[in-house]
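Engineer: here are the coordinates; sequence isn't available:
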């Protein structure tokens, strides 16, 4: 009588080192650094993985995430463990698994989480109830001081009108 080895069917465990990335360049920066550390990329496998930004399934989508990971894997020549953060949306998590995403983060009520987790397990994946620790490579999208400056009409001006001093703040968010 044949018996199945249960461990063969368990999902691959997440690596010890995860990096939160927002695009191809941040993913490649991790890969370039990993190439300099012996044993981090060994042949066709990596000893680290990628995590999307919090809630990225909602604002970028599972298709974008899967395409990003595929591009990184093609460029580097190895497979990566990766998880898509679906925030609190069971619908995004279900859509992602149907597109082929094996690992996701879902912070939803218990009943929803259990239902979606069952689907991930059927697909030999895993659903995480909380974001695992990761090194964030996502630049800050906003800074309070920058927003306050913008609201007070001083951020994108060429000089500070009160002090008659040149504006030394970064102008990367200003448009002509």
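Structural biologist: Thanks, I have the structure now. This is a predicted model, so every value here is computed, not measured.
Engineer: only C-alpha atoms from now on, for both contacts and neighbour counts.
Structural biologist: OK.
Engineer: quick one: mean pLDDT for the longest helix seen in the chain?
Structural biologist: Across the chain, the helix with the greatest residue count (assigned by DSSP state H) is helix 62-76. For helix 62-76, mean pLDDT is 97.
Engineer: before we move on, what about stretch 92-101?
Structural biologist: Stretch 92-101 shows a mean pLDDT of 98.
Engineer: quick check: phi and psi at the residue nearest the centre of the chain.
Structural biologist: With distances taken as Cα atoms, centre = their mean, the residue of the chain nearest its centroid is residue 52 (1.1 Å). Dihedral pair for residue 52: phi -80, psi 170, per degrees, to the nearest 10.
Engineer: in this structure residue 85 contacts residue 102, no?
Structural biologist: No - under the criterion of Cα atoms under 8 Å, residue 85 makes no contact with residue 102, lying 11.8 Å away.
Engineer: before we move on, back to that, next one, pLDDT for the residue nearest to the centre of the chain please.
Structural biologist: Reported pLDDT at residue 52 in the predicted model: 97.
Engineer: picking up where we left off before, which residues sit against the longest helix of the chain?
Structural biologist: 23-24, 27-28, 31, 52, 57, 79-80, 82, 84, 92, 95-96, 99, 101 (Cα atoms under 8 Å, 6 or more residues apart in numbering).
Engineer: run through the residues that contact the residue nearest to the centre of the chain.
Structural biologist: 20-22, 65, 82-85.
Engineer: related to what we said a few turns ago, out of residue 85 and residue 102, which sits in the busier spot?
Structural biologist: Counting neighbours by other Cα atoms under 10 Å for residue 85 and for residue 102 shows that residue 85 has the greater number, 31 against 21.
Engineer: pLDDT below threshold where in this protein?
Structural biologist: For the chain, residues meeting the criterion pLDDT under 70 lie at 1-12, 139-176.
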